[in-house]
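Chemist: Output the structure for:
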Amino acid sequence: CGHRTSRVVGGRPAPERKWPWQVSLQINDKHICGGSLIASWWVLTAAHCIFGHMEYTVKMGDIRLMHTSRMAIKVPVRDIVIHKYFNPVGTVENDIALALLAFPVNFSSNIQPVCLPEKAFMVQAGTECWVTGWGKLDERGETVKQDGSKLGPGKGLPGALVLAYKLKGETGRQFSSKWLREEGGEDA
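Modeler: Coordinates of the predicted model:
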């Protein structure tokens with residue numbers, strides 16, 4: 001599985017090969033959601049990112065969304081499996097989906113599967129964990145453009161953003177970060 005080099009915290013740009021399992025789920029070359037490559041055929045993503053029978057692709061091997069490096073590839077999605085208990089109008093419990101790729105990807109320095117823990121592995125409360133991807137930087141709606149740059153005043157943040165979060169699940173079937181906002185922290 002993939003290997004991560006030194007850590008990046010607080011919204012700094014991620015250099016190439018920093019998080020080689022981070023992928024972009026796309027429709028018509030537009031970023032919909034992030035995901036993680038978990039095997040040569042499979043990508044893990046959120047169920048709320050799936051909008052029915054669309055032609056999804058997965059872009060991997062690149063930290064940019066708008067421009068594609070020579071190391072990046074785009075792979076069509078053959079099928080998507082959504083958790084059977086996911087309810088898009090209910091809570092965010094079971095918000096998980098698997099995307100089956102049209103063909104297996106060849107691993108490289110830019111494309112690696114994430115290291116999955118053993119089944120019995122438990123994360124202790126308060127453990128620092130990592131969230132990677134592209135998206136909003138704050139609740140006021142300041143967003144990262146598809147090329148990964150920060151909009152509005154302040155220093156630009158090109159590339160995939162990497163933020164540190166603490167893990168805290170409310171029901172054991174979901175991850176929640178709302179408590180971080182209440183404590184003045186970051187949100188996923």
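
Chemist: and Gly90, how far is that from Gly52?
Modeler: 18 Å (CB to CB, to the nearest Å). C-beta here means a position set from N, CA and C on the backbone, and glycine is covered the same way.

Chemist: Lys74 now?
Modeler: Following CB to CB, the distance that separates Lys74 from Gly52 is 21 Å.

Chemist: got it, and Cys115?
Modeler: In terms of CB to CB, Cys115 sits 32 Å off from Gly52.

Chemist: Quick check: which ranges of the protein have low pLDDT?
Modeler: 2-17, 129-130, 135-188 (pLDDT under 70).

Chemist: hmm, try it at 50
Modeler: 4-10, 142-143, 145-169, 176-188 (pLDDT under 50).

Chemist: where along it do the strands fall?
Modeler: Here the chain has its strands, by DSSP state E, at 12-13, 22-27, 30-37, 42-45, 56-60, 73-82, 97-101, 128-133, 161-166.

Chemist: what would those strands look like in a markdown table with mean neighbour count?
Modeler: A markdown table is the format used below for these (neighbours: other CB atoms under 10 Å):
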| stretch | mean neighbour count |
| --- | --- |
| strand 12-13 | 16 |
| strand 22-27 | 22 |
| strand 30-37 | 20 |
| strand 42-45 | 22 |
| strand 56-60 | 22 |
| strand 73-82 | 16 |
| strand 97-101 | 20 |
| strand 128-133 | 15 |
| strand 161-166 | 19 |
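
Chemist: Let me know which of the ones you listed is the nearest to His67.
Modeler: strand 56-60 (10.9 Å; CB to CB).

Chemist: what sits up against the closest one?
Modeler: 22-27, 29, 31-32, 35, 37, 43, 65, 68, 72-77, 80, 99, 101, 105, 110-111 (CB atoms under 8 Å, 6 or more residues apart in numbering).
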